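Asks: This is a predicted model, with the sequence first.
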Amino acid sequence: MTELTGTRVGAAAPDQPAIEPAGPRRTGVRPAAVGLPALGLLIAVTVWWTVTSGLHLVHPASLPPPQVVWSALTGTSDVLLPALGITTAMTLLGFLLSSVAGVLIGMALAASRRVERMFAPLLVAINAVPKIALGPLLVVSVGWGQKPILTMVFLLCFFPIVLSTATGLTTTPADLADLARSLNASWWQSFRKVRFPAALPQMFVGLKVAMPLAAIGAVIGEFYSDKPGLGYQILQYNGIGDSATAWAAIVLIALMSILLYSALSLVERLALPWVRATTSSR
């Protein structure tokens, strides 16, 4: 056993208690992972019922009680469930397109400071434009169908993915960068083995920010499209005064966003197992 200044590495000092090694991390699905979200949902529904049915603080035409929305959901499931499929498909397709483009452009910004200085102000300006104001213009410029939906999703998701990718690639830990240089790694080897893996946690932050934005973009795009997704159905039912069915569509959008975000978080945990192994857990 190697010794350091008279004391074996791994042994406790004479006047200090030995430090017990940390136990293995728990794996699998913990009960709290399912129970706490269910409890939060129960609390939200209880508050919703209290505000609408218990205390009558909100007019039913503005926010129907949860039981009325549930009845509307079950009564129009033949319309809302196919619409949910359309909105989910548009959300995922737009998210995929914006992810590929955002990662590539983020890599370009991280590779050259001149490129970053040239195009970063333009990206900030594009991101600052209120996207809902672009809806009518998108119909005129790209036409009907899925094009305005995908464009709206792309515009909402693009910036956080670019920013997180560029930030991750330009904040490689100094010890890892020094290790790559000491091994005489080429630029490509350093990028593939060090910089890109080190940037993945930050990149997933941007992707998880963008996922709910993709759902928002899909719904906004459907406001100005002829695709009968959930956004289209919200406008139709709200136009005829059926607020309960409109709220049922909104509930489906919220559930879809939660499921997609949870799926992306699961992908992150499976793709980056070393992150949980090297960081403190709550």
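Replies: Sure thing, it's come through.
Asks: Is I220 in contact with A133, as I believe?
Replies: No. The criterion here is CB atoms under 8 Å, and I220 misses it with A133 at 10.4 Å. All C-beta atoms are positioned from the backbone trio N, CA, C, and that covers glycine.
Asks: of the two, who's got more company?
Replies: I220 (22 against 8; other CB atoms under 10 Å).
Asks: which residue packs closest to the more buried one, ignoring adjacent ones?
Replies: Among residues not flanking I220 along the chain, M152 sits closest, at 5.3 Å (CB to CB, 6 or more residues apart in numbering).
Asks: residue contacts, that neighbour?
Replies: Each residue near M152 by CB atoms under 8 Å, 6 or more residues apart in numbering is listed here: 94, 131, 134-135, 138, 217-218, 220-221.
Asks: and which of these is nearest to D175?
Replies: G94 (38.3 Å; CB to CB).
Asks: which element is the closest one on?
Replies: Assigned by DSSP states H and E, G94 belongs to helix 77-111.
Asks: for that helix, packing partners?
Replies: With contacts defined as 3 or more CB pairs under 8 Å, 6 or more residues apart in numbering; DSSP states H and E, helix 77-111 has these neighbours: helix 113-128, helix 147-169, helix 196-223, helix 230-239, helix 243-271.
Asks: can you pull the buried residues of that helix?
Replies: 79-80, 83-84, 86-88, 90-95, 97-99, 102-103, 105-107, 109-110 (16 or more other CB atoms under 10 Å).
Asks: Doesn't L63 lie inside a strand?
Replies: No. Assigned with DSSP: H, G, I helix; E, B strand; the rest coil, L63 falls outside any strand and is coil.
Asks: Report the contact partners of the closest residue to L252 other than its chain neighbours.
Replies: Leaving aside its sequence neighbours, L252 sits nearest to L84 (CB to CB, 6+ apart; 5.1 Å). With contacts defined as CB under 8 Å, 6+ apart, L84 is in contact with 229-230, 252, 256.
Asks: Quick check: the gap between A218 and V129.
Replies: Counting by CB to CB, to the nearest Å, the separation of A218 from V129 is 18 Å.
Asks: just N184 next, same as before
Replies: 46 Å.
Asks: ditto for A111
Replies: Distance of A111 to V129, given as CB to CB: 27 Å.
Asks: What of G231?
Replies: Distance from G231 to V129, counting by CB to CB: 20 Å.
Asks: Same drill for the two, tell me which one is more crowded.
Replies: Counted by other CB under 10 Å, G231 and V129 do not tie: G231 has more neighbours, with 29 against 10.
Asks: Which residue is the nearest non-sequential neighbour of S71?
Replies: A244 (7.3 Å).
Asks: In this structure the one you found contacts T74, no?
Replies: No. Using CB under 8 Å, A244 is not in contact with T74; the gap is 11.2 Å.
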